[in-house]
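> sharing a model prediction with you, sequence too.
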Amino acid sequence: MARWVLHVDLDQFIAAVEVLRHPELRGRAVVVGGDGDPTKRGVVSTASYEAREHGVHSGLPLRTAARRLPDAVFLPVDRPAYEEVSETVMAVLRDSGAVVEVLGWDEAFLGVDTEDPEGFARSLAARVRAATQLDCTVGIGENKLQAKIATGFGKPAGVFRLTFANWFSVLGGRPTDALWGIGAKTAKKLAGLGIGTVADLAGADPDALAAEFGPMTGPWLVLLGRGRGDADVDDTPYVARGHGREETFQQNIADWSGVQAEVTRIAGLLAADLAAETRPAVRVIVKVRYAPFITETHGVPLGSPSSDAAVIEQAARDALGRFTGRRPVRLLGVRAEFGS
């Protein structure tokens, strides 16, 4: 039997979970983010399709979302609720007999041996819906790249197959940022080299791109253009490489001593979180977002691995000392990285 990679992506997952909890919201523009108050600072975690039609999307500031769609229903993020539903979905996927590689709350790769991948995909979507009342889209490919991109063509609640056979007929004329792994900056740089489409990229000289993007990245970009990617689905449980805390302030902190105090406080909260970890931290990183929206990070290695609060707090202060800016601050974060 043929080996296929499937990408399962739950449609508008967080918003869909909220609609299940609040059926009266079905068909309305729903925006989930922060504590649900669009007058405060924060970003959109997800938006229903009805909200997306008005330009509201993940990562958009809540205040901007409220300006674009003042009649939307704004709800706070409820992580435990989403995690519970996600665990149910992943259990359904594993029960299918496929190898499942979880990517997040709402998506996973599956490795499947079948002669009818579309039939398997439709059966899988039906089982997810029966267990959770949620819709999902399934992309089918010969590798992860193809399956991931295929999902976008299947939304919402559909199934789409993208393989080497139809790669160029589907994607050849599209811009390079249609490819998973290529963002706006890379696409712009490629365009400056005369590479505007996926077909252009596929025909590019790997050595020429190596000179522009580096010996690893350049040839890899050409492989992306040709639809080549990793086909191995790994069901090894995900292990976080670190743990962090961050906070957006409703009023900018203009006094640097106030910034120092807040970093120490957040580092203390992080240290309390680390008490539940079996691995100590080896590095501490501080993130500062200046007003209006410029972000910098600096980190310091620990002398020896530790989860001790005093050590984490001191490392955070040391990392903060590497920042030269003294502009008003709107967000602070502290992250601990674990050893291997």
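Yes, it's here.
> okay, CA-based contacts and neighbour counts for the rest of this
Will do.
> around Glu212, count how many other residues there are.
Glu212 has 14 neighbours, counted by other CA atoms under 10 Å.
> which residue packs closest to it, ignoring adjacent ones?
What sits nearest to Glu212 in space, not counting adjacent residues and going by CA to CA, 6 or more residues apart in numbering, is Gly218, at 7.0 Å.
> and the closest residue to Arg289 other than its chain neighbours, how close does it get to Pro175?
With CA to CA, 6+ apart as the criterion, Arg289 has its nearest non-adjacent residue at 4.2 Å, and that residue is Thr295. Distance, Thr295 to Pro175, by CA to CA, to the nearest Å: 29 Å.
> higher neighbour count, these two?
Neighbour count, other CA under 10 Å: between Thr295 and Pro175, Pro175 has more, with 17 against 14.
> returning to what we had before: how about the helix or strand containing the residue nearest to Arg289: buried residues?
Following DSSP states H and E, the helix or strand that holds Thr295 is strand 294-306. With burial defined by 16 or more other CA atoms under 10 Å, the residues of strand 294-306 counted as buried are Thr297, His298, Gly299, Val300, Pro305, Ser306.
> nearest the middle, which residue of this structure would you pick?
Centroid-nearest residue in the chain: Gly104, 7.7 Å away (criterion: CA atoms, centre = their mean).
> specify the beta-bridge partners of that one.
Glu107 (DSSP bridges).
> the stretch 201-340 of the chain: strands as residue ranges?
242-253, 281-290, 294-306, 329-338 (DSSP state E, counting those that start in this stretch).
> tabulate those (a markdown table), appending distance to Ser58 and mean pLDDT.
What follows is the strands of the stretch 201-340 of the chain, written out as a markdown table (distance: least, CA to CA, whole Å; pLDDT from 0 to 100):
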| stretch | distance to Ser58 | mean pLDDT |
| --- | --- | --- |
| strand 242-253 | 17 | 94 |
| strand 281-290 | 19 | 97 |
| strand 294-306 | 18 | 96 |
| strand 329-338 | 18 | 96 |
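> pipe those strands into TSV and attach distance to Lys144 per row.
Listed next are these as TSV, based on distance: least, CA to CA, whole Å:
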stretch	distance to Lys144
strand 242-253	25
strand 281-290	31
strand 294-306	31
strand 329-338	28
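> among those strands, which comes closest to Ala125?
Closest to Ala125 of those, according to CA to CA: strand 242-253, at 32.7 Å.
> neighbours around the residue nearest to Val170 when sequence neighbours are not counted, how many?
Once flanking residues are discounted, Val170 sits nearest to Leu162: 8.0 Å by CA to CA, 6+ apart. A total of 25 residues lie near Leu162 under the criterion other CA under 10 Å.
> many thanks, we can stop here.
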